[in-house]
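Engineer: Fold the following.
(2 chains)
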Amino acid sequence: MNMGRYIAILGVMILWLVPAGKNHAEDSSGQQIFQDQFRDIASELRCPTCVGLSVLESDAPFSKQIKSEVTEQLQAGKSGDEILKFFTDRYGPWILRAPPKEGINVLAWGIPLALLITGPFFVWFFIWRHRDTVTGAESIMPIEDILAAWEQDIAQARSSVRDGKLTQRGEV
Amino acid sequence: MPAHLGFSFLLLSLVFAVYGLAANVGAAMLRHRRLYRSGRMAATMTAMFVILASVVMWLSLFSRDYTIAYIWRNSSNDLPSFYTFTAFWAALEGSHLLWTMLLAVFAVIALWTGNDDNEHIMPWVAAALLSVLCWMLYLTVSVSDPFVMQLPAPVNGLGKNPLLQNPYMAIHPPTLFIGYTALAIPFAYSIGAMAYGDVTEGWLKTTRRWTLFAWCALTAGIALGGHWAYVELGWAGYWAWDPVENSSLMPWLFATALLHSMIVQDKLGHLKRTGIILAILAFFFSFFGTFITRSGIITSVHSFADGNIGPNYLVFIALILGVSLTLFAFRAQSILPPDAGKVWGVSRESALIVTLFLLLTLAAVVFIGTIFPIVTEAVSSQRISIQAPYFNAFAPWIGLALIVAVAAGNLLRYHSGKVPGARRIVIVAGIVAIVPWLGFCLAGDVFATTRPWAFSAQVVGIYLVMWSILCLIGDARVRFSPAFRGDGNLIKRVVSYAGHNLSYLGALIAHIGVLLAILGFLGNYRGVDREVTMKAGDSLALFGYDFTAGELRERVDGNATLFELPLNISRDGKPIGTIYPAKSRYPTKPELMNEVGVLGGFWHDLYAVMVDFDRQNRQTVTLQLHVNPTVRLVFISVVIMVLGGIIASFDRYRGDRSRDVAGGKWESDWRTPA
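Structural biologist: Predicted coordinates for the structure are as follows:
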């Protein structure tokens, strides 16, 4: 491996990237924390009159109303959970963009979770099921051999095409 | 008059399709070759007549023939000719006709270009395709008739939905439909294989190409839809996990899974039945999406539901799944791999199994998230919403695992063989990745992220993507190295390798595309936005950019009147461009529409939506300003993915090393009258 060339390429990449890399972070004062909190809550509530959007992303009158309600309650010192509960009590769980983990909705959360957790075991089981039915020596073929066999196949196919023979397997 | 003509063409088409179906089933049962050829000709005529009906529709659109109710509802005299052309698929009946036409065309292409090796299963393939076509055509002459007439003809149409008057929306539906309908071919071949009793030689080569073609079209179609949403809907995102977006993603996930299972089938002869099931599900979900769009059972941006087409679709998709799975239950036991004893262990085929698991789990999450509101309402009469936060609870983890699976899978070889020095590649890539990772994080303002979860997701995700790309490059280096490819310069070696392994080259490119797309998605964790009211001359600094408002002005563009605000953007005092967020008015629609202003860059898209403006004095404007990171990267990566798919589909050898049943031509078995 030619390390020098690598380093040169990476050097060029860094030179290209660094000047663009200035930090434009807003000052992380209390204002920022309040903003983040507001966004977290507003993005959990659906815009009642639109499709697929949170109140945060929407400018529909209804959403604006909800957003100002959220701001007011935050300023009054309520926590995120309390505010979400306030809206759930008023509009039902429908207002939440992700269903509450209760009743039948447990399944909506549980099935994917169960798949993600148990799936790897099934995969493991499938993969290792036949591990010992064929002896290792047969199964591990050096890559050179595979490539050589492959080249041969291709050469054969090419020559049969050249000779105008059918390329049908078994007829070559 | 044209309406009568168009309707007659559709009727004729249906007649040919019914005959073709009967002929092909007969040909399959009797093994009668001439009957099959007759059935194939009938399929060809079916396609001809649907095309003719579509031509009639287009001609009537251009002649503004408002005696046809569909044209009256979806166009108007002021509509520019490009959008008149695309008004064809602006609503339910037209897009159904387009779908039917594409399906018929692909069916005919598949029947005429079918590999000779497959000839003895072709009657079943044709029968499967024609049964789908029969049903589609039945709908076009019953509940989804595009040629319904009204007399006397109004002088002007109601006008096309302004949201659809966008170049992306013009090509997004047909592209997606091409993908959906092309998935019918692997489905039909699966039915054929099951009816015959095994996967035949040549089967894989044909289905692989069609699946790749469908995959490319779906990838492009989904991205075009996302781009449309991005520039037209004005909420600054391209993916909302909307039910119909989800139902275009599901066939894509199944098609992707199918492509991966086919690799194992090609190399080892295993996973034949998995492939068949995946092909069935991919096709089923393409119709499931249509069902959702058409029936209005789930509210969505895309629902244009009316009429009673919904129940019809439900019956049909239930039939597709029921018949296919019953067939599978009875026939699957005969479809066996050539050698029962297979060592999986640590190998590429095992990595592909893991990939299948991840893709299918994601599909399950998407499916559950899409249908669960209905389930809950049916079970507990409680209404719930499932939107982005639900999907975002699972998708990032699966995405993360997929990044690792791409790298690991590519560094493994079949039969537990490893790439020479795989461990070294993993380690070196892990070290070298730090540099592009740091560079990307600095240049992309990742460290400006304030929230811990969003920050760590990005830091980990970006590092893994960089590592994975380097692993892919490391693997490519081995493949192209002089040790395997002989002397000669790099280009010569690459050409000599890729020349007979285009599927590897295609996969390499497509995988890099996928990884870059994930890199782009991660940008969603660090966007900023601000709502602001400005008047001419006002200026606002946001994320290092300065936005300066110009004078609000009025402009006529095509059939629309725009109220637009030039917004000059500069960075570090240097002007970098002007965007024009606007409200537009269309002559046939009362409400004002959003016209988004976007200035795209590699690192950030500057995106402005006009929320409102002072209607009386035209002095102040309220704007929603967004800085969206790496949106462009997502769309670039889609182009790369599609490019990879196209390259892979030109591979001439993949599928040739089939260990499947050598069917030969079976001519002696065909009953040919003397």
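Engineer: Regarding stretch B:514-527, how distant is the last residue from the first?
Structural biologist: Taking Cα to Cα, to the nearest Å, stretch B:514-527 runs 21 Å from one end to the other.
Engineer: Show me the helices in the stretch 501-650 of chain B, by range?
Structural biologist: With DSSP state H, counting those that start in this stretch as the criterion, the stretch 501-650 of chain B has helices at B:502-521, B:631-649.
Engineer: Of all these, which one is nearest B:Asn24?
Structural biologist: helix B:631-649 (27.1 Å; Cβ to Cβ). To be clear about C-beta, it is placed using only N, CA and C from the backbone, and glycine gets the same treatment.
Engineer: so what does that closest one touch, helix or strand wise?
Structural biologist: Packing partners of helix B:631-649 (3 or more Cβ pairs under 8 Å, 6 or more residues apart in numbering or on different chains; DSSP states H and E): helix B:203-228, helix B:502-521.
Engineer: Turn the helices of the stretch 501-650 of chain B into TSV, columns for mean pLDDT.
Structural biologist: Putting the helices of the stretch 501-650 of chain B into TSV (pLDDT from 0 to 100) gives the following:
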stretch	mean pLDDT
helix B:502-521	95
helix B:631-649	95
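Engineer: Turn those into CSV, including mean neighbour count.
Structural biologist: Formatted as CSV, these follow (neighbours: other Cβ atoms under 10 Å in any protein chain shown):
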stretch, mean neighbour count
helix B:502-521, 22
helix B:631-649, 20
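Engineer: Could you export these as JSON lines, including distance to B:Met57?
Structural biologist: Output for the helices of the stretch 501-650 of chain B, formatted as JSON lines (distance: least, Cβ to Cβ, whole Å):
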{"stretch": "helix B:502-521", "distance to B:Met57": "36"}
{"stretch": "helix B:631-649", "distance to B:Met57": "29"}
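Engineer: Look up how far B:Thr113 lies from the spatially closest residue to B:Asp117 that is not a sequence neighbour.
Structural biologist: Counting by Cβ to Cβ, 6 or more residues apart in numbering or on different chains, B:Asp117 lies nearest to B:Gly202, which is 3.0 Å off, once chain neighbours are set aside. Distance, B:Gly202 to B:Thr113, using Cβ to Cβ, to the nearest Å: 12 Å.
Engineer: same question, A:Glu82
Structural biologist: 65 Å.
Engineer: Could you do B:His604 as well?
Structural biologist: Distance, B:His604 to B:Thr113, by Cβ to Cβ: 46 Å.
Engineer: the more surrounded of A:Glu82 and B:Thr113?
Structural biologist: A:Glu82 (12 against 9; other Cβ atoms under 10 Å in any protein chain shown).
Engineer: and the residue in the stretch 501-650 of chain B positioned nearest to chain A, how many neighbours does it have?
Structural biologist: When scored by Cβ to the nearest Cβ, the stretch 501-650 of chain B has B:Gly544 as its residue closest to chain A, at 3.8 Å. As a burial measure, B:Gly544 scores 15 neighbours (other Cβ under 10 Å).
Engineer: That one is in contact with B:Gly573, isn't it?
Structural biologist: No. Assessed by Cβ atoms under 8 Å, B:Gly544 is found out of contact with B:Gly573, at 11.4 Å.
Engineer: tell me which helix or strand of the chain sits lowest on mean pLDDT?
Structural biologist: Because you didn't say which chain, this covers chain A. helix A:136-139 (a mean of 44; mean pLDDT, DSSP states H and E).
Engineer: my bad, the chain I had in mind was chain B
Structural biologist: helix B:482-485 (a mean of 70).
Engineer: what residues are up against A:Ile154?
Structural biologist: Shown in contact with A:Ile154 (Cβ atoms under 8 Å, 6 or more residues apart in numbering or on different chains): B:His500, B:Tyr653.
Engineer: Need the pLDDT of it.
Structural biologist: Looking at A:Ile154, its pLDDT is 80.
Engineer: which residues sit against the helix or strand that contains A:Arg39?
Structural biologist: Assessed by DSSP states H and E, A:Arg39 sits inside helix A:30-42. Helix A:30-42 is contacted by residues A:26, A:54-56, A:66-67, A:70-71, A:74, A:80, A:83-84, B:450-451 when judged by Cβ under 8 Å, 6+ apart.
Engineer: which helices and strands does the next helix or strand after that helix pack with?
Structural biologist: For helix A:30-42, the following helix or strand on the C-terminal side (DSSP H and E) is helix A:61-75. If contacts are counted by 3+ Cβ pairs under 8 Å, 6+ apart, helix A:61-75 sits against helix A:30-42, helix A:80-91.
Engineer: quick one on the thing from earlier: got a markdown table for the helices and strands packed on helix B:631-649, with distance to chain A too?
Structural biologist: As requested, the helices and strands packed on helix B:631-649 are exported to a markdown table (distance: least, Cβ to the nearest Cβ, whole Å):
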| stretch | distance to chain A |
| --- | --- |
| helix B:203-228 | 11 |
| helix B:502-521 | 12 |
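Engineer: mind showing which ranges of chain A have poor pLDDT?
Structural biologist: Judged by pLDDT under 70, chain A has its weakly predicted residues at A:1-29, A:129-144, A:160-172.
Engineer: Find me the pLDDT at the closest residue to chain A within chain B, would you?
Structural biologist: Residue nearest to chain A within chain B (Cβ to the nearest Cβ): B:Leu442, separated by 3.0 Å. Listed pLDDT for B:Leu442 reads 91.
Engineer: picking that back up, CA atoms only for the helix holding A:Arg39 - export them in CSV, please.
Structural biologist: Output in CSV follows, covering the C-alpha atoms of helix A:30-42 (Å, rounded to 0.1, in the frame of the first residue of the first chain):
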residue,chain,number,x,y,z
GLY,A,30,-31.4,29.8,28.1
GLN,A,31,-33.1,31.0,25.0
GLN,A,32,-31.6,28.1,23.0
ILE,A,33,-32.7,25.5,25.6
PHE,A,34,-36.2,27.0,25.6
GLN,A,35,-36.3,26.8,21.8
ASP,A,36,-35.2,23.2,21.8
GLN,A,37,-37.8,22.3,24.4
PHE,A,38,-40.5,24.0,22.4
ARG,A,39,-39.4,22.2,19.2
ASP,A,40,-39.4,18.8,20.9
ILE,A,41,-42.9,19.3,22.1
ALA,A,42,-44.2,20.9,18.9
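Engineer: Kindly list the longest helix within the chain.
Structural biologist: With no chain named, the answer covers chain A. helix A:105-128 (DSSP state H).
Engineer: Actually, chain B is the one I wanted.
Structural biologist: Under DSSP H, chain B gives helix B:348-380 as its longest helix.
Engineer: Tell me the helices and strands packed up against that helix.
Structural biologist: Short answer (3+ Cβ pairs under 8 Å, 6+ apart): helix B:348-380 packs on helix A:105-128, helix B:243-268, helix B:388-411.
Engineer: winner for burial among those?
Structural biologist: Highest mean neighbour count of the helices and strands packed on helix B:348-380: helix B:243-268, a mean of 24 (counted as mean count of other Cβ atoms under 10 Å in any protein chain shown).
Engineer: I'm done for today, thanks for sticking with me.
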